[in-house]
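Student: Need a 3D model of the sequence below.
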Amino acid sequence: MGDVVRCQREVIDAQAHGAGLERRGGRFQPLCAAQVGAVHRERRGHMMALDGFDREARTAMVTFPGGQTWPSLGIGTWRMGESAAKRRAEVAAIRAAIDMGYRVIDTAEMYGEGGAEEAVGSAVAEAVRSGTIRRDDLFVVSKVYPHNASAKGTVAACERSLARIGLDHIDCYLLHWRGAVPLAETIGGFETLRSNGRIRAWGVSNFDLDDMQELVAVEGGSRCATNQVYYSLTARGPAFDLLPWQSARGIVTMAYSPIDQGALAASTLLRPIARRLGATPAQLALAWLLAQPGVMAIPKAARAAHLKENLDSQSLALTPHDLAQIDRVFPRPGRKTPLAMR
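Tutor: I've put the predicted structure just below:
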């Protein structure tokens, strides 16, 4: 409850600031003339910055190889499917996300040993039956365990995932992390699935630059659509070399744990910047990612309030001044660092 109250207080303070008030001594008092002027300048700057978004929906988009575009913000399902007692609530959370407008859903056979895929399948089936969406309105991502990633094993694992999710195809199927199976075998399995229409595209996860360079050198490896990595303000390492390399080749970067598993939501470093912008620290952390071309963020959220908070981050367009302030408290990487994993 303490976190919820603190979050609500921050939102109220931010809204009051935008209205020309600030909290002093437990009460809201008018801002001075200079402060009001600063607020107005911020508003003008952020409205101008919306040119980088879909103006009607204010939704940042990423383009996958082949030209398909999807929202830069999706929902993750890590740690879902692990408890039968939580299943109904997890299905309800995914369904709520779809109803709110989320169209990208990330899962994996590892999550709850298939339990998360089953929850995704139940939520998607409910939404399709209700007429809220059509199947093709969604971009569903799942992943194969490395020990299942032989040519035949990849195909078999995908078929099991399809059965659990209840779909006839997965939009993007990833190798969860690199294991002992040669990359050529895994790519062979991916290409069989793609040729048979069981997946639309494939990619990898937790691959550093040297892994990606080796991947694309393998026959068929250049068809990799995405690399899902741990990327957030507290883990900016991929921006040093991996992201520029992938961007130059049209490979989408999916950022998992973009709020650092909730830690950035309580960041005292982000709080002053977020308050000035009428946002929460979590929204600021997500907006920073959404401002980067070719980057998709997939935060996990199991409560409607957090789903809505994350979705609203799409309306927060950051100016160069905002980005410079963020860089001061979370500096850009100055050298190569090992790829972080969670």
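Student: per-residue confidence at the nearest residue to Ala255 once chain neighbours are set aside?
Tutor: Taking C-beta to C-beta, 6 or more residues apart in numbering, and ignoring the residues beside it in sequence, Ala255 has Tyr231 as its nearest neighbour in space, at 3.9 Å. For glycine as for every other residue, the C-beta is placed from the backbone atoms N, C-alpha and C. Looking at Tyr231, its pLDDT reads 98.
Student: wouldn't Tyr231 be in contact with Phe240 here?
Tutor: No. When contacts are counted by C-beta atoms under 8 Å, Tyr231 is not listed as touching Phe240 (11.3 Å).
Student: Just want to know which of these two has more residues nearby.
Tutor: Looking at Tyr231 and Phe240 with other C-beta atoms under 10 Å, you find the greater number of neighbours at Tyr231, namely 26 against 15.
Student: Report the contact partners of that one.
Tutor: Residues in contact with Tyr231, defined by C-beta atoms under 8 Å, 6 or more residues apart in numbering, are Pro238, Ala239, Leu243, Thr253, Ala255, Tyr256, Pro258, Leu289, Val295.
Student: neighbours of Asp168, just the number please.
Tutor: Applying the criterion other C-beta under 10 Å, we find 9 residues in the vicinity of Asp168.
Student: Could you verify that it is part of a helix?
Tutor: No. When the secondary structure is assigned by DSSP: H, G, I helix; E, B strand; the rest coil, Asp168 falls in coil instead of a helix.
Student: If I look at the nearest residue to Glu191 once chain neighbours are set aside, what pLDDT would I see?
Tutor: Excluding its sequence neighbours, the residue lying closest to Glu191 (C-beta to C-beta, 6+ apart) is Gly220, at 5.5 Å. pLDDT, the model's per-residue confidence, is 97 for Gly220.
Student: Contacts only, for Gly220.
Tutor: For Gly220, the contacting residues are Ile187, Gly188, Phe190, Glu191, by C-beta under 8 Å, 6+ apart.
Student: what do you get for Gly189?
Tutor: Residues counted as contacts of Gly189 (C-beta under 8 Å, 6+ apart) are Ala149, Ser150, Ala151, Lys152, Gly153, Thr154, Val155, Cys158.
Student: name the element it belongs to?
Tutor: Counting by DSSP states H and E, the element that carries Gly189 is helix 183-195.
Student: Next: Asp312.
Tutor: With DSSP H and E as the test, Asp312 turns up in helix 304-312.
Student: Please enumerate residues in contact with that helix?
Tutor: The set of residues that contact helix 304-312 without belonging to it, under C-beta under 8 Å, 6+ apart, is 4, 7, 73, 75, 93, 96-97, 100-102, 280, 282-283, 286, 299, 301.
Student: Which is the succeeding secondary structure element to it?
Tutor: Using DSSP H and E, the helix or strand that directly follows helix 304-312 along the chain is helix 320-329.
Student: hmm, back to that, among the contacts of Tyr231, which ones are buried?
Tutor: By the neighbour-count criterion of 16 or more other C-beta atoms under 10 Å, these include these buried positions: Pro238, Leu243, Thr253, Ala255, Tyr256, Pro258, Leu289, Val295.
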